[in-house]
Every structure is written in C-alpha cells, then in structure tokens.
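Participant: Sequence unavailable; structure follows:
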C-alpha cells in the first residue's frame, strides 16, 4: 500500500458543461444549420427532434456548449497527524472568468507535467480537450500542463484518467464513474444528479449551487476511486475541507 503523501502533487478535477443556449430556438440561423449537420447521426439513432437533441446532447460538444463549473481538490497535510482533502469550485455565468481562474491555479501550483499530475474520470477524452477548446474559443492561452496537442503518448502520462486505468489495456471498454464507484464500494455522486440533468438545473431551475455541489462530489469520488485503483492507504481520519 502506498502512503497518502505521494498524492500531494496531483490535482483532482471535474467540469460541468451545458449547451450555450437554453433551447434550440435561441440559436442563430447559422448555428441551427451547423447543429442540424452535427446532430444528424445520433438524432436518427436516438429518434430525437432537433430541439430535443440540442438540449440533451449539445452540452458535450465544445463548439455548442460552455463550462459552468470546474471543481478541484488536492491532498494536504494539516499537521504531522492530520491529512486533508481540500476542494473548491470555480463557478460563474461568465465562462471566461472561471476558465481564467482555473488556468491561473494551474500556472501557479500545477504547472509542470514532469512533477504534477491532473486526475479525473475520462479527462483525456472529454474534460481536457473540452477545456482547451473553450479556452481557444474565448481567446485565452492554454496552460502548459493542459496543452497536449502535439504530445506523444508517453508525454501525456501526467493526465491520470481513472477510466483509462480501469481499462487495463482494453481499448473498447467504457465504464461510467457511477458504475466504477459501485464496484469499488465508493459513494457515488450520481445519486443526487446525473450529467444529463445539469442543463435543466442550470437553465430551468437556475440552481447553480446544486451543480457546484454535484461537481465537487464527483472529484471526491474520483479521488477515492484513484486511491483504490493505485493502492493508496487513506487514513481513517482523513478530513474533507471546502477551501
């Protein structure tokens, strides 16, 4: 079993995204045309109307969506006896504002891929590319540790993806965080909300706090899943502290 101290150079994070507009009718004529082209395949497969396909699916495509919350967490030693998992969120209706705050955190504290790691569930295929695309769309620079556009496979090892770890080399296998939590006996964040409901919570309920809490629950679950997968010994008195 590994000591928890070896986790101190890892930033655990998760993002929540929604379609850029509350409904399909709010799109410009050009965006409607582009969404019709983008959604053609899965609309037919899932028997969705243009309107429903937008509210249900647009949130996962960076060209049609935005980031509304980024939650981060890291391991900290309060004293010689007490370990903490400290977490916080960047949440704003101004996407550029929260992206800048997250990028500033990375540039100051988690900037070197040789020394630091970024951990999340499916971050290699979703979170990291999504953030980089939205940074580019907002005219912002991509932090060095996130910019893997020209990286070779072994130069992406600092992206610690729990879904990739669980694959054990099986390239076709996909496992949700909810399922992974269940089989590893970790409390799942999906009991209160699921990713498909974030659009409704954001636009219909205007419950941004619930989205933030859900995102923070995700990173705590990812932290515990990562510890289980890599045999880290977590102390029984580990504290979870909202920073």
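Facilitator: On my side now, so go ahead. Given the structure is predicted, the values throughout are model-derived calculations rather than measurements.
Participant: Tell me the first helix or strand C-terminal of the longest strand that the chain contains.
Facilitator: Determined from DSSP state E, the single longest strand within the chain is strand 65-77. Counting by DSSP states H and E, the element after strand 65-77 in chain order, helix or strand, is strand 83-91.
Participant: and stretch 75-85, how far from the chain's centre?
Facilitator: Here stretch 75-85 shows a centroid-to-chain-centroid distance of 25 Å under the convention CA atoms, centre = their mean, to the nearest Å.
Participant: Show me what counts as buried in it.
Facilitator: Residues of stretch 75-85 classed as buried: 75, 83, 84, 85 (neighbour count, 16 or more other CB atoms under 10 Å). Yep, even glycine has a C-beta here, placed from its N, CA and C like the rest.
Participant: Quick check, the second one in contact with residue 76.
Facilitator: Read it as residue 83. Yes. In this structure residue 83 lies within contact range of residue 76 using CB atoms under 8 Å: 7.4 Å.
Participant: is it true that residue 53 touches residue 45?
Facilitator: No. Counting by CB under 8 Å, residue 53 sits too far from residue 45 to count as a contact (10.4 Å).
Participant: Neighbour count for these two, which is higher?
Facilitator: residue 53 (21 against 8; other CB atoms under 10 Å).
Participant: so what secondary structure elements neighbour the helix or strand that one falls within?
Facilitator: Here residue 53 sits within helix 50-57, counting by DSSP H and E. Under the contact definition 3 or more CB pairs under 8 Å, 6 or more residues apart in numbering; DSSP states H and E, helix 50-57 sits against helix 29-38, helix 40-46.
Participant: so the lengthiest helix in the chain versus strand 65-77, what angle?
Facilitator: In the chain, assigned by DSSP state H, the helix with the most residues is helix 208-229. Counting by axes from the mean of the first three to the mean of the last three CA atoms, to 10 degrees, helix 208-229 lies at 50 degrees to strand 65-77.
Participant: now helix 208-229: how far from the chain's centre is it?
Facilitator: On CA atoms, centre = their mean, the centre of helix 208-229 falls 9 Å from that of its chain.
Participant: quick one: buried residues of that helix?
Facilitator: Buried residues in helix 208-229 (16+ other CB under 10 Å): 208, 210-228.
Participant: Hey, what's the angle from that helix to strand 83-91? Just curious.
Facilitator: Going by the same axes, to 10 degrees, helix 208-229 makes 140 degrees with strand 83-91.
Participant: next structured bit after helix 208-229?
Facilitator: strand 232-233.
Participant: which residues touch that next one?
Facilitator: With contact meaning CB atoms under 8 Å, 6 or more residues apart in numbering, strand 232-233 is reached by 1, 2, 3, 4, 6, 7, 226.
Participant: okay, now the fourth one: neighbour count?
Facilitator: Translated: residue 4. If we define neighbours as other CB under 10 Å, then residue 4 has 17 of them.
Participant: Could you shift the numbering so residue one becomes 36, and keep it that way?
Facilitator: In the new numbering, first residue 36, that becomes residue 39.
Participant: which residues does it contact?
Facilitator: Residue 39 neighbours (CB under 8 Å, 6+ apart): 110, 118, 262, 267, 268, 269, 270, 273.
Participant: And the second one, by the same measure?
Facilitator: Taking CB under 8 Å, 6+ apart, we find residue 37 in contact with 265, 266, 267, 268.
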